[in-house]
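# task: produce atomic coordinates for the following.
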Amino acid sequence: MLDALPAHDDHEYPVLREFAVLVGVLALLTLWLDAVSALSNALLPADGGVHRTLAAGTAVYLAAFVALAVAYALARDLPLALRPPSLADLPTVIAALVAPVALVAATELLAGLTGVAYADLLRTSYGPGTGLEGFVLTGVALPVVGGVALALLVQGVVQASFRRVLPARRAAAATVALAGVPLVDGVGFDPVPGPGDLAFLLAAFVALAVAAYGRDRVRDPRLSALPALPLLLLVGVTVGEWLLRAAPAEVGFTVVGLAVVALAAAVYDRAGSLWPPAAVYAAFSVTGQAVVFLETGPFG
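Residues are numbered from 1 along each chain as shown. All right, here's what the predicted structure looks like:
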């Protein structure tokens, strides 16, 4: 990524600028969804039934994501690739649907070998009284909606922004690095960054700025790696500390989650549409919810 940064004489670091903007967008997303959630809780009727209330809340949630993505795209003149994939993209769409299922199966196998239930990784469960209707709503409809929302955020906002200043493959790698922080933390698969996620991203921005600024000023080849030391230390210490306290199944789930984001980035590049990455996220989430339903529902 540092190779894409122009020399100091250009008085501009476009990758750093995009990184800073996107960290700000993720912080805004947290505040925006908190505000939308509070407003919907106040306005939605409490006597509408669990399923109807959940469906209405999901619609509001998706609308919040759409509003943020569209506003960002208009403000920065980014195209939202909402066209459906063509017949030529059919292999890409099939891969988008099949590969996440295989990743969930691999994670479930690892979790079973280590004595951890998949439901524990997602921190969700279904009661014995949960019927098929409840599963279809919470285990199918909600993940599909969430897949669309994730594609809008990760590809429509993050990856499209990086593609302004980086080649396609580097933009995809940068997307995985940035979006993977709030999406994958060993528990669940949530795009909303927490305070710890935002603190890490801010520290990473400072370290990346130091590396880019210092790279242009170090003339001795023997010291060329020195400016990147803060970034390497930040990533190394954070990952090392997490590996010491995480269970093997959590590590596996995180690696699989990053693979899902990478797959979504790849199919977005190939198809030029937001629908294949939405299918990746939806297939991953629906399959995971099906596993949890079998573990903890009426058949568990």
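
# from here on, just use CA atoms for contacts and neighbour counts.
Fine.

# mind checking pLDDT for the closest residue in space to residue 124 that isn't next to it in sequence?
Distance criterion Cα to Cα, 6 or more residues apart in numbering; nearest residue to residue 124, sequence neighbours excluded, is residue 292 at 7.6 Å. The per-residue pLDDT reported for residue 292 equals 90.

# and the gap between residue 292 and residue 140?
According to Cα to Cα, to the nearest Å, residue 292 and residue 140 sit 12 Å apart.

# of these two, who's got more company?
residue 292 (24 against 19; other Cα atoms under 10 Å).

# element containing that one, please.
Following DSSP states H and E, the helix or strand that holds residue 292 is helix 275-296.

# what do you get for residue 82?
Short version, using DSSP H and E: residue 82 is in no helix or strand.

# okay but residue 14 is in contact with residue 162, surely?
No. Using Cα atoms under 8 Å, residue 14 is not in contact with residue 162; the gap is 9.2 Å.

# neighbour-wise, which of those two wins?
Per other Cα under 10 Å, whichever of residue 14 and residue 162 has more neighbours is residue 162, with 24 against 16.

# the bottom helix or strand of this structure by mean pLDDT?
helix 50-76 (a mean of 77; mean pLDDT, DSSP states H and E).

# that one packs against which elements?
Packing contacts for helix 50-76, counted by 3 or more Cα pairs under 8 Å, 6 or more residues apart in numbering; DSSP states H and E, involve helix 14-43, helix 142-150.

# how distant is it from the center of its chain?
A distance of 16 Å separates the centroid of the chain from that of helix 50-76, by Cα atoms, centre = their mean, to the nearest Å.

# which SSE is immediately downstream of that helix?
Following helix 50-76 in sequence order, the next helix or strand is helix 90-113 (DSSP H and E).

# convert the C-alpha atoms of the helix or strand following that next one to PDB, please.
As assigned by DSSP H and E, the chain's next helix or strand after helix 90-113 is helix 118-122. Taking C-alpha atoms only, helix 118-122 is exported to PDB below (Å, rounded to 0.1, in the frame of the first residue of the first chain):
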ATOM      1  CA  TYR A 118     -21.100 -22.600  16.200                       C
ATOM      2  CA  ALA A 119     -23.800 -20.900  18.100                       C
ATOM      3  CA  ASP A 120     -21.200 -19.700  20.600                       C
ATOM      4  CA  LEU A 121     -19.100 -18.200  17.900                       C
ATOM      5  CA  LEU A 122     -22.100 -16.200  16.700                       C
END
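
# so what's residue 135 up against?
For residue 135, the contact set (Cα atoms under 8 Å, 6 or more residues apart in numbering) comprises residue 293.

# just the pLDDT for it.
We have a pLDDT of 85 for residue 135.

# any idea which element it lies in?
Taking DSSP H and E as the criterion, residue 135 maps to helix 132-135.

# any idea how far stretch 139-155 is from the chain center?
Centre-to-centre, stretch 139-155 and its host chain are 10 Å apart (Cα atoms, centre = their mean).

# need the distance between the two termini of that stretch.
23 Å.

# so for that stretch, what's the average pLDDT?
Averaging pLDDT along stretch 139-155 gives 88.

# what sits up against that stretch?
Contact with stretch 139-155 is made by 58, 62, 65-66, 69, 175, 179, 191, 264-265, 268, 274-275, 277-283, 285-286, 289-290, as judged by Cα under 8 Å, 6+ apart.

# in PyMOL, select just the buried ones from those.
In PyMOL syntax, the buried subset of the contacts of stretch 139-155 is picked out as below (16 or more other Cα atoms under 10 Å):
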select buried, resi 58+62+65+66+69+175+179+191+264+265+268+274+275+277+278+279+280+281+282+283+285+286+289
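
# show me the shaky parts of the stretch 201-300 of the chain.
Within the stretch 201-300 of the chain, the stretches with pLDDT under 70 are 219-224, 299-300.

# which residues of it fall in helices?
With DSSP state H, counting those that start in this stretch as the criterion, the stretch 201-300 of the chain has helices at 229-245, 248-271, 275-296.

# reformat these as CSV; add distance to residue 115.
Below are the helices of the stretch 201-300 of the chain laid out as CSV (distance: least, Cα to Cα, whole Å):
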stretch, distance to residue 115
helix 229-245, 17
helix 248-271, 9
helix 275-296, 13
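
# fine, thanks again, bye for now.
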